[in-house]
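A.B. asks: fold the stuff below for me.
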Amino acid sequence: MFRNALEPWHLLILVAVVILLFGSKKLPDTARALGRSMRILRSETKAMKDDDASNEPRPESEPAPGTRTVSGPPEPTDSTTGN
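C.D. replies: This next block holds a predicted model:
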């Protein structure tokens, strides 16, 4: 059904319609804005990928032999003295 749907003359008609709609003076500004948007999109997707990679669980290192770690309740604070 859509065999050879996008042929070169289709692209020429599309370019002609775009030029007629926007005019030749607006096209450089439109292309510049599209380029900025693509750059922002690319940097945001890269930041999301980096963020996902940093959120992966990391294996915790085991304490050295002979070292004891003691975890207890936190020290109470005295709110009346201001300390």
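A.B. asks: any idea how far the nearest residue to Phe22 once chain neighbours are set aside is from Pro8?
C.D. replies: In this structure, Phe22 finds its nearest non-sequential neighbour in Thr30, 6.0 Å apart by Cβ to Cβ, 6 or more residues apart in numbering. Placement of C-beta: from N, CA and C, glycine included. For Thr30, the distance to Pro8 (Cβ to Cβ, to the nearest Å) stands at 23 Å.
A.B. asks: looking at those two, which is more packed in?
C.D. replies: Shown here are Thr30 and Pro8; by other Cβ atoms under 10 Å, Thr30 has more neighbours (12 against 7).
A.B. asks: so where does that one fall, helix or strand?
C.D. replies: helix 8-54 (DSSP states H and E).
A.B. asks: for Leu6, same thing?
C.D. replies: If you go by DSSP H and E, Leu6 is not part of any helix or strand.
A.B. asks: Ala47 and Leu41, how far apart?
C.D. replies: Distance from Ala47 to Leu41, by Cβ to Cβ: 11 Å.
A.B. asks: repeat for Leu14
C.D. replies: Distance, Leu14 to Leu41, by Cβ to Cβ: 23 Å.
A.B. asks: Ala5 now?
C.D. replies: 27 Å.
A.B. asks: and what of Leu34?
C.D. replies: For Leu34, the distance to Leu41 - Cβ to Cβ - is 10 Å.
A.B. asks: do the same with Arg32
C.D. replies: Distance, Arg32 to Leu41, by Cβ to Cβ: 15 Å.
A.B. asks: and for Asn4, the neighbour number?
C.D. replies: Neighbour tally, Asn4, other Cβ under 10 Å: 6.
A.B. asks: let's number from 344 now, not from 1
C.D. replies: Okay, residue one is now 344; in that scheme the one you just asked about reads as Asn347.
A.B. asks: can you tell me the SS state at it?
C.D. replies: With DSSP: H, G, I helix; E, B strand; the rest coil as the basis, Asn347 sits in coil.
A.B. asks: before I go, just wanted to say thanks for your time.
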